[in-house]
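> I'll drop the sequence and a predicted model, then ask my questions.
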Amino acid sequence: MHHVFTLTINSSLFTSFLVTLAFSAKSCSLLLFLSYFPNTNNIMVLFKRKSVVYPPANDVDLSPYSTEFYLQANVKAPRMTGILVKVFTYLLEFPLLGTMILYILKGNNLIHELITNAEFEESPLYVPLHQFEDIEEKEVKCIDSSLSPPEKVQHAIDCLPISLERKPSFFRWTIMDYSKAYRSGDITPLLVAERFVAAIDESVKPPLQMGFFIDYNVDDILRQATESTIRYQRGEPISVLDGVPVAIKDEIDCLPYPTTGGTKWLHKERPCKDDACCVKRLRQCGAILVGKSNMHELGSGASGINPHYGPTRNPYDCKKIAGGSSGGSASLVSAGLCPVALGVDGGGSVRMPAALCGVVGLKPTFTRIPHDGVLPINWTVGMVGILASTVEDALIVYAALGGEIPSHPPSSVLTKINLPRLSLTKSISSIRLAKYGKWFDDCSNDVKVCCSLALLKLQDHYNWKIIDVTIPDIEMMRLAHYITIGSECSTALDSYKAKNFAELGWDVRVAQSIYGAFSGIEYVKAQRIRNRQLQFHKKIFSEADVIVSPTTGVTAYPIQDDALKTGELDYVNGAALVRYSIAGNFLGLPAVTVPVGYDKLGLPIGLQFIGKPWSEATLIHLAFAMQAICMSDYRKPEYYYDMLRR
């Protein structure tokens, strides 16, 4: 039900008012603004008040026969780069006019109607903490979360299938391949490190300029590799991760590097004094931490184009984006430089670049991996995630990182972790996959055809059941998540802005202006939507084991030259990229993406499984089953480095 309140004003007077402003110090910028809104009737949206009255969550029909309307994202924001994005930035930062433009943008993009003025019965849910449940999962090995990281890794190794001769024409080297090569003496961690450094040196020069890293330290890499080589020579490797190169997103503390968050200044305000908890656990396993991977500045975009450190390029086509914000980690794994890398997933920031670059991306349940030492810019939606060459590699690193910090009082009683017992010849039975058809199909034709075919293969091969469902208000959830992550990011940086705002990239300055425009009312109502959506998802999970969808609505799009120095505003493509990611972050649910094919241009496509809280083992089982079906068709990227060549 809609309630509409309209206030009319004299259009010619309003136009005269804007024209008068146009001859102020910002005259050219204001005139540009007028060109975007030539019809003053459109400006009447400023004075319209529409509101949606949402029925109680319990009264909403989630069956496939539901009359709930699927609202597609209809983003009203032009793509801007170069001089246009600079002018638009000045407009937003001009006090009176900026407020007016932001109000119009929020209205045009339905934030006022669907959230600001909406009415709910649900109370707000501010943090998606899930009380630990010892859920019943099939074919799992249960381990104590207080075990040391090397002990957990060994348990994960025990869950891997007995390897058979590889059949695919292309495969990336795995953690186990590195470990076996080191143990056999065929190659040493030091030699791999030397090859790695040479490859990175090559990648930063024309014509490649792949943009893998923000920072790497050759001496530190070689020091770690030398120590690992000595351990292997003594027959005392710490774990199978010993000597394996792992990249860390520059949102995670990792000595000796500053943590920039993709900026040129944040590390000066917040010095890195220690490793993040997840990094410490990798060090305890002997991994070689090879540097800080590139990211979209402050995680405020989906392209991975960073005007300070260069765009991260997609190894399948260096003229295409790698995605964001963990694009550097995804492209490093895709290009074969590391079998695994860490990212942070606040809005699909691990899963989306993983899908675009043709690798595996795992985002665990909220709090499953400790967040200590990660930039505090999205407290309730961000989660350390894993990008990996294979599902098995994701499992090994997940085992190493998972579990609460013993010295911290637990927020809930986490006493154990389930690890999936993987098999090459069979998988778990009686899986129920929930699919919302209208949402599943809201993507490019290549993505829809590829993901639908992969799902059919999965169903046919394992006789799993697809349950048709309706997930209401998905676009409302996207907007509510945007308000949440934006408000949290703006608040986190509030004390630094006055001093450092001008040093942000132009696209991020626009994003920060938008983030700062969200009101307390909008934030609270977004949290009411969070509660409402969690109720919907719990009801679906009472009937199904997982929700299945494409990972992104489109494949990687071109990096345009006009975006290199300023970044770009492309909220249309951004909305398409994050379309399927939001529930994982907003509701704190685990999710995984696995490569399932390619579009007509040979660019990768991923399929996503979203699970119940604490059901990572089931998700990894499903991803492994999907990988087994698709692996024979995997293709080698255009730019690939063979680190274990003899």
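All right, it came through fine.

> point out where the chain drops to low pLDDT.
For the chain, the stretches with pLDDT under 70 are 1-49, 164-167, 406-415.

> longest helix in it, please.
Longest helix in the chain by number of residues (criterion: DSSP state H): helix 520-541.

> so what secondary structure elements neighbour it?
Helix 520-541 sits against helix 474-492, helix 582-586, with contacts defined as 3 or more CB pairs under 8 Å, 6 or more residues apart in numbering; DSSP states H and E. Backbone N, C-alpha and C define where each C-beta goes, glycine included.

> give me the distance from it to the chain's centre.
Helix 520-541 sits 20 Å away from the centroid of its parent chain (CA atoms, centre = their mean, to the nearest Å).

> dump it to PDB, keeping only the CA atoms.
Output in PDB follows, covering the C-alpha atoms of helix 520-541 (Å, rounded to 0.1, in the frame of the first residue of the first chain):
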ATOM      1  CA  GLY A 520      19.800   8.200  11.500                       C
ATOM      2  CA  ILE A 521      16.300   7.300  10.500                       C
ATOM      3  CA  GLU A 522      17.500   5.700   7.300                       C
ATOM      4  CA  TYR A 523      20.100   3.700   9.100                       C
ATOM      5  CA  VAL A 524      17.600   2.400  11.700                       C
ATOM      6  CA  LYS A 525      15.000   1.500   9.000                       C
ATOM      7  CA  ALA A 526      17.700  -0.300   7.100                       C
ATOM      8  CA  GLN A 527      18.300  -2.400  10.200                       C
ATOM      9  CA  ARG A 528      14.600  -3.200  10.300                       C
ATOM     10  CA  ILE A 529      14.800  -4.500   6.800                       C
ATOM     11  CA  ARG A 530      17.800  -6.600   7.900                       C
ATOM     12  CA  ASN A 531      15.600  -8.200  10.600                       C
ATOM     13  CA  ARG A 532      12.800  -8.700   8.100                       C
ATOM     14  CA  GLN A 533      15.100 -10.300   5.500                       C
ATOM     15  CA  LEU A 534      16.600 -12.600   8.100                       C
ATOM     16  CA  GLN A 535      13.200 -13.900   8.900                       C
ATOM     17  CA  PHE A 536      12.500 -14.600   5.200                       C
ATOM     18  CA  HIS A 537      15.800 -16.400   4.800                       C
ATOM     19  CA  LYS A 538      15.300 -18.500   8.000                       C
ATOM     20  CA  LYS A 539      11.900 -19.600   6.600                       C
ATOM     21  CA  ILE A 540      13.500 -20.600   3.300                       C
ATOM     22  CA  PHE A 541      16.300 -22.500   5.100                       C
END
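
> buried residues in it?
Using 16 or more other CB atoms under 10 Å as the test for burial, helix 520-541 gives 522-523, 525-537, 540-541.

> other residues contacting it?
Outside helix 520-541, the residues that touch it by CB atoms under 8 Å, 6 or more residues apart in numbering are 54, 57-58, 60, 62, 111, 115-116, 118, 120, 122-126, 128, 434, 469, 471-473, 476-477, 479-481, 483-484, 487, 547, 583, 586-587, 589, 612.

> show me where the stretch 151-300 of the chain has strands.
For the stretch 151-300 of the chain, the strands defined by DSSP state E, counting those that start in this stretch cover 213-215, 245-249, 288-293.

> export those as CSV, with columns for mean neighbour count and distance to A73.
Below are the strands of the stretch 151-300 of the chain laid out as CSV (neighbours: other CB atoms under 10 Å; distance: least, CB to CB, whole Å):
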stretch, mean neighbour count, distance to A73
strand 213-215, 22, 31
strand 245-249, 28, 27
strand 288-293, 28, 29
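
> that older thread, following the longest helix of the chain, which helix or strand comes up?
strand 546-550 (DSSP states H and E).

> and the contacts of that following strand?
431-436, 439-440, 443, 447-448, 451, 455, 466, 469, 471, 537, 540, 580, 583, 605-612, 615, 618-619, 622.

> just the buried ones from these?
Buried among the contacts of strand 546-550 (16+ other CB under 10 Å): 431, 433-436, 439-440, 443, 447-448, 451, 455, 466, 469, 471, 537, 540, 580, 583, 605-612, 615, 618-619, 622.

> which ones among those are found in strands?
Counting by DSSP state E, the buried ones among the contacts of strand 546-550 place L433, A434, K435, I466, I605, G606, L607, Q608, F609, I610, G611 in strands.

> among those, which one lies nearest to A193?
Checking those against A193 with CB to CB, the nearest one is G606 at 30.2 Å.

> look up which residues are beta-bridged to the closest one.
Beta-bridge partners recorded for G606 (DSSP bridges): P595.

> likewise the one 5 residues further on?
Here G611 sits in beta bridges with V546, as judged by DSSP bridges.

> what about it, distance to L587?
Separation of G611 from L587 (CB to CB, to the nearest Å): 11 Å.

> also I610?
To L587, I610 is 9 Å away according to CB to CB.

> picking that back up, got TSV for the strands of the stretch 151-300 of the chain, with distance to G107 too?
Below are the strands of the stretch 151-300 of the chain laid out as TSV (distance: least, CB to CB, whole Å):
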stretch	distance to G107
strand 213-215	37
strand 245-249	35
strand 288-293	38
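
> tell me which of those strands sits nearest to Y515.
Here strand 245-249 is closest among these (CB to CB), at 20.7 Å.

> quick one: strands adjacent to the closest one?
In the sheet, strand 245-249 lines up against strand 288-293 (parallel), strand 340-344 (parallel) (DSSP bridges).

> so what touches that strand?
Against strand 245-249 from outside (CB under 8 Å, 6+ apart): 192-193, 196, 212-213, 254, 279, 282, 287-293, 295, 325-326, 328-329, 332-333, 337-344, 397, 643.

> give me the buried subset of the residues you listed.
For the contacts of strand 245-249, buried by 16+ other CB under 10 Å: 192-193, 196, 212-213, 254, 279, 282, 287-293, 295, 325-326, 328-329, 332-333, 337-344, 397, 643.

> count of residues packed around the residue nearest to A526 when sequence neighbours are not counted?
Of all residues not flanking A526 in the chain, A480 sits nearest, at 3.8 Å (CB to CB, 6 or more residues apart in numbering). Neighbourhood size, A480 [other CB atoms under 10 Å]: 27.
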